[in-house]
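>>> below is the sequence, then the predicted model.
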Amino acid sequence: MSQATAFWTDPAYYRNLLALKQTSYGVQPVRFTERQLAHFSSNEAYRLRSQCPAGICLVLQTDAEWLELDVMVEGTVRDYAQAMAAVNGRWTSLQTCEPLGALPRSATFRFLLPPTGEAGESNKVEIYLSQFSRLSVAGVRLSPGASVAPASERSSRRLLSLGDSITQGFDSRNPAGAYPVRLARLLDAELLNQGVGQHDFDPDSFDPALPYEPDLITVAYGVNDWAKDRSSEEIAADAGALLTKIATRYDGVPILVITPIWAHHQDERKAAGTLSDVRRTIADAVASADGAGGHVHVVDGTGLVPGSPYLFADGVHPTEEGFGHYAVELHRHAKRFFS
């Protein structure tokens, strides 16, 4: 394909999203339905976080020597934006624009790509977009004379991840470092990351008309419910209602419900007790929602990331290293559902 063609506006060049929305700056990758976005719009924190392209990547086959990605950052929950390139499945370089300053503003990420070897060969290049910034892809430039085409290979497996800020990817500096992206790579699956920072068990946030058919679903809430001083009865009711909606929409699809991971203040007592009490409340809600279905399973979050402060950015959100533990341990639970 000629570089004169704005190939980056073609959905065929993207993975891990529902749609591309045309904006005045370019195209905005979208990971929620219109119904879900309308629901999140009533809360400014949710609205911004739901519009960030967590887990979404631009994917192309090219023999280019370098690639430049232009984005327009329109909103952010961190004062930086980043992008990570993976070439033929291997992470190569992380590029960051910091500080962002006043918005909106443009940012350019430049990646040097390894040589392709024999003439006619090409690399599969994946550019993971920032999970912290609402942005539009404004352009992609390749080295002169380079060819470009959509990556032809794609997995038939699909993973759907629902959750809060940890699922969205807070606080990995690497947008490919969050546990849903890592888990999808370990499972060789495509991903739809529907994590939203500050979110909790909210039955109205799930859209039964979601046009995505996963082979495995992960659900990870609870720490925000606890931090917001909700009672155990409220948490149990909303967790049960949400899980029932998901299990009904995806009858027979394995659902892994992850209880809250370690947190530095987990022994504090709130309306629902300690965080350990909330973990038990969630496990009871799973049993209620699953009934005789047998496809909703509890994963003990305390076994995913060791409770070592250096694995956490702030005592709650894992670092990139912490997310590595999370994904590998979760993979042990998830892989049994794939033949």
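Okay, I see it.
>>> in this protein, which helix is the longest?
helix 232-249 (DSSP state H).
>>> now do the helices in the stretch 1-150 of the chain.
Assigned by DSSP state H, counting those that start in this stretch, the stretch 1-150 of the chain shows helices spanning 34-40, 44-50.
>>> so which of the ones you listed is the most surrounded?
Mean neighbour count (mean count of other C-beta atoms under 10 Å) peaks for helix 44-50 among those, with a mean of 19. Just so you know, the C-beta spots here come from the backbone N, C-alpha and C atoms, and that holds for glycine as well.
>>> name the helices or strands packed onto that one?
For helix 44-50, the packing partners by 3 or more C-beta pairs under 8 Å, 6 or more residues apart in numbering; DSSP states H and E come out as helix 34-40.
>>> in the lowest-mean-pLDDT helix or strand in the chain, which residues are buried?
Ranked by mean pLDDT, DSSP states H and E, the weakest helix or strand in the chain is helix 275-290, scoring a mean of 91. Neighbour counts over helix 275-290 (16 or more other C-beta atoms under 10 Å) mark 275, 278-279, 281-282, 285-286, 289-290 as buried.
>>> buried residues in the longest helix of the chain, which are they?
232, 234-247.
>>> now do stretch 220-234
In stretch 220-234, counting by 16+ other C-beta under 10 Å, buried: 220-227, 230, 232, 234.
>>> tell me which of those fall in helices.
Reading helices off the buried residues of stretch 220-234 with DSSP H, I get 223-227, 232, 234.
>>> dump those to a markdown table, plus distance to Ala184 and pLDDT.
Putting those into a markdown table (distance: C-beta to C-beta, whole Å; pLDDT from 0 to 100) gives the following:
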| residue | distance to Ala184 | pLDDT |
| --- | --- | --- |
| Val223 | 22 | 98 |
| Asn224 | 24 | 98 |
| Asp225 | 26 | 98 |
| Trp226 | 28 | 98 |
| Ala227 | 28 | 97 |
| Ser232 | 33 | 97 |
| Glu234 | 32 | 98 |
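>>> any idea which of the residues you listed is closest to Leu311?
Val223 (15.7 Å; C-beta to C-beta).
>>> mind listing what the closest one touches?
Contact analysis of Val223 by C-beta atoms under 8 Å, 6 or more residues apart in numbering lists 164, 166, 260-261, 263, 275, 278, 316.
>>> just these: which are in helices?
Going by DSSP H, the helices hold 166, 275, 278 from the contacts of Val223.
>>> tell me how this structure divides into domains.
By the assignment in automatic domain parsing, the chain contains the domains 7-150, 157-337.
>>> rounded mean pLDDT for the first one, please.
Read that as domain 7-150. The pLDDT scores in domain 7-150 average 96.
>>> now swap in stretch 185-201 and tell me
Computed over stretch 185-201, the average pLDDT equals 98.
>>> that one: which residues count as buried?
Those would be 185-187, 189-201, for stretch 185-201 by 16+ other C-beta under 10 Å.
>>> among the residues you listed, name the ones in helices.
Filtering the buried residues of stretch 185-201 for helices - DSSP H - leaves 185-187.
>>> that older thread, list the helices and strands the least confident helix or strand of the chain packs on?
If you count contacts as 3+ C-beta pairs under 8 Å, 6+ apart, helix 275-290 packs onto helix 223-227, helix 232-249, strand 296-299.
>>> distance between the shortest one and the chain's centre?
Strand 296-299 sits 20 Å away from the centroid of its parent chain (C-alpha atoms, centre = their mean, to the nearest Å).
>>> likewise the first one?
Chain-centre distance of helix 223-227: 20 Å, with C-alpha atoms, centre = their mean.
>>> for the longest one, same thing?
Once both centres are worked out by C-alpha atoms, centre = their mean, helix 232-249 turns out to sit 22 Å from its chain's centre.
>>> now do the next helix-or-strand element following it, average pLDDT.
Toward the C-terminus, helix 232-249 is succeeded by strand 255-258 as the next helix or strand (DSSP states H and E). Averaging pLDDT along strand 255-258 yields 97.
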